[in-house]
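Asks: after the sequence you'll find the predicted model.
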Amino acid sequence: MPICILLLLLFLLPAGGHTQPEEPVRGKASYYARRLHGQRMSNGSRYHRDSLTCAHRTYPFGTLLEVTNLHNNKSVIVEVTDRGPYIRNRIIDLSHAAAHELEMLRQGVIQVKIREHNPMPFSNIVIPFDRNGFLLPVTQPAAMRATLPEGK
């Protein structure tokens with residue numbers, strides 16, 4: 001029986017490496033020039049200025065990033081579809097639509113904070129065991145049990 005419990009816990013626990021959210025990265029952001037509209041991106045798709053996309057040097061294609069303008073605290077969620085920027089002191093290139101959402105079109109280059117966006121983060125899983133290590137029967141989901149008053 002203890003081996004079954006160990007296997008169950010190994011299956012349910014998150015894999016090592018990404019148990020804590022990464023710290024936000026701060027740096028300068030710019031946005032794509034108008035002439036790039038319709039050009040192929042590094043992932044093979046075509047750039048459309050009205051899409052919420054970006055270029056980043058290291059995040060995998062398809063990763064969602066939350067980019068926050070540090071001047072006005074406006075945020076936008078973009079998808080990594082390209083590599084770059086290739087200017088030394090910049091950390092991200094944004095599409096025109098994303099730049100518009102951040103209100104950075106006038107400035108051109110702004111200070112931003114970037115963090116990976118996880119739309120459905122895993123929450124802690126409570127596995128009901130009795131003191132002997134046996135699974136207890138669950139009649140209600142944990143969310144329902146938490147909202148019921150004491151004694152019910």
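Replies: Cool, the structure landed.
Asks: below-threshold pLDDT in this protein: ranges please.
Replies: 1-21, 120-131, 133-152 (pLDDT under 70).
Asks: can you give me the strands in it?
Replies: 25-31, 53-55, 64-69, 75-82, 90-94, 110-116 (DSSP state E).
Asks: among these, which is nearest residue 132?
Replies: strand 110-116 (41.1 Å; Cβ to Cβ). Any C-beta I mention is one placed from the backbone N, CA and C, and that applies to glycine too.
Asks: what lies in contact with that closest one?
Replies: 21-29, 56, 59, 63-71, 91-92, 102, 104 (Cβ atoms under 8 Å, 6 or more residues apart in numbering).
Asks: now the nearest residue to residue 102 once chain neighbours are set aside: how far from residue 100?
Replies: Leaving aside its chain neighbours, residue 102 sits nearest to residue 69 (4.3 Å; criterion: Cβ to Cβ, 6 or more residues apart in numbering). Distance from residue 69 to residue 100, counting by Cβ to Cβ, to the nearest Å: 11 Å.
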